[in-house]
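Visitor: give the three-dimensional model of this entry:
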Amino acid sequence: MGLFQKLAHFLGVKKREVNVLVVGLNNSGKTTVVNRFKNEEERVADIVPTVGFSVERFQNKSLSFTAFDMSGHGRYRDLWEHYYKDCNGIIFVIDSSDRLRLVVVKEELNLLLQHPDICHRKLPILFFANKMDSKEALSSVKIAAALGLDKIMDKPWHISASNALTGEGLQEGVEWLTQQLVLY
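Guide: Here you go, the predicted model:
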């Protein structure tokens, strides 16, 4: 990066572009999370399940995010790995009230972490323990323990309790991810 480009990024005149994958099981709230990051006038009122994937853009501070919102249905999860090589970070959305499928979440996370395009990179991973407004919701601490997040030693990670419908906890998470990506 040239001196003028570095200066432009530093001054915030030009935003650095990053690619993030937004993954998680179906019905975890991935699309709703991404929708909340967009400008208010660009937000969609009715969220529909993602088929395959969708591409959305949003900005936070000095970064311009291109978010690849990946479908979480079982038949589409194999698509995730085609985007690993070009991503700068991962947002993993978890339905904190879906206790039964937490085992599936752990399996998918382990597959992701062991993939050759991910395992040797220091990609930051932001976990959203979503749907915290539900009575059945597990705390972010319990989710982190159930997924064994403390065993992830080679990548920076953060878990944020969230409610994508109200936006609660989302800004805290994206601030952490932005900070990590600026350093990355």
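Visitor: so which residues of this structure form helices?
Guide: Along the chain, counting by DSSP state H, helices occupy 3-11, 30-37, 102-114, 116-119, 140-147, 170-183.
Visitor: in the shortest one, what's buried?
Guide: This means helix 116-119. Using 16 or more other CB atoms under 10 Å as the test for burial, helix 116-119 gives I118. To be clear about C-beta, it is placed using only N, CA and C from the backbone, and glycine gets the same treatment.
Visitor: low pLDDT regions in the chain?
Guide: 1-14 (pLDDT under 70).
Visitor: tell me the centre residue of it?
Guide: I91 (1.2 Å; CA atoms, centre = their mean).
Visitor: pretty sure C87 contacts F65?
Guide: No - counting by CB atoms under 8 Å, C87 does not reach F65; the two are 11.0 Å apart.
Visitor: more crowded one of these two?
Guide: F65 (26 against 22; other CB atoms under 10 Å).
Visitor: was I right about the more buried one contacting V55?
Guide: No - the pair F65 / V55 is not scored as a contact, 10.7 Å apart, by CB under 8 Å.
Visitor: got a list of what L25 touches?
Guide: L25 makes contact with 72, 94-95, 98, 101, 104-105, 108, according to CB atoms under 8 Å, 6 or more residues apart in numbering.
Visitor: what of Y83?
Guide: 19, 21, 53, 68, 70.
Visitor: please tell me how far it sits from A137.
Guide: From Y83 across to A137, the span is 29 Å (CB to CB, to the nearest Å).
Visitor: circling back to that earlier point, ranking the helices of the chain by burial, who's on top?
Guide: helix 30-37 (a mean of 24; mean count of other CB atoms under 10 Å).
Visitor: which residues touch that helix?
Guide: Against helix 30-37 from outside (CB under 8 Å, 6+ apart): 22-24, 43-44, 47-50, 54, 56, 58, 60, 65, 67, 69-70, 72, 91, 93, 128, 130, 162, 164-165, 167, 170, 174.
Visitor: could the helices of the chain go into TSV alongside distance to R77?
Guide: Listed next are these as TSV, based on distance: least, CB to CB, whole Å:
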stretch	distance to R77
helix 3-11	35
helix 30-37	12
helix 102-114	6
helix 116-119	14
helix 140-147	16
helix 170-183	22
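Visitor: closest to H158 out of these?
Guide: Closest approach to H158 among the helices of the chain is made by helix 170-183 (4.6 Å; CB to CB).
Visitor: burial count for H158?
Guide: Residues near H158, counting by other CB under 10 Å: 19.
Visitor: my read: V55 touches D69, true?
Guide: Yes - counting by CB under 8 Å, V55 does reach D69; the two are 7.4 Å apart.
Visitor: quick one, which of the two is more surrounded?
Guide: For V55 versus D69, the count of surrounding residues by other CB under 10 Å is larger for D69: 24 against 10.
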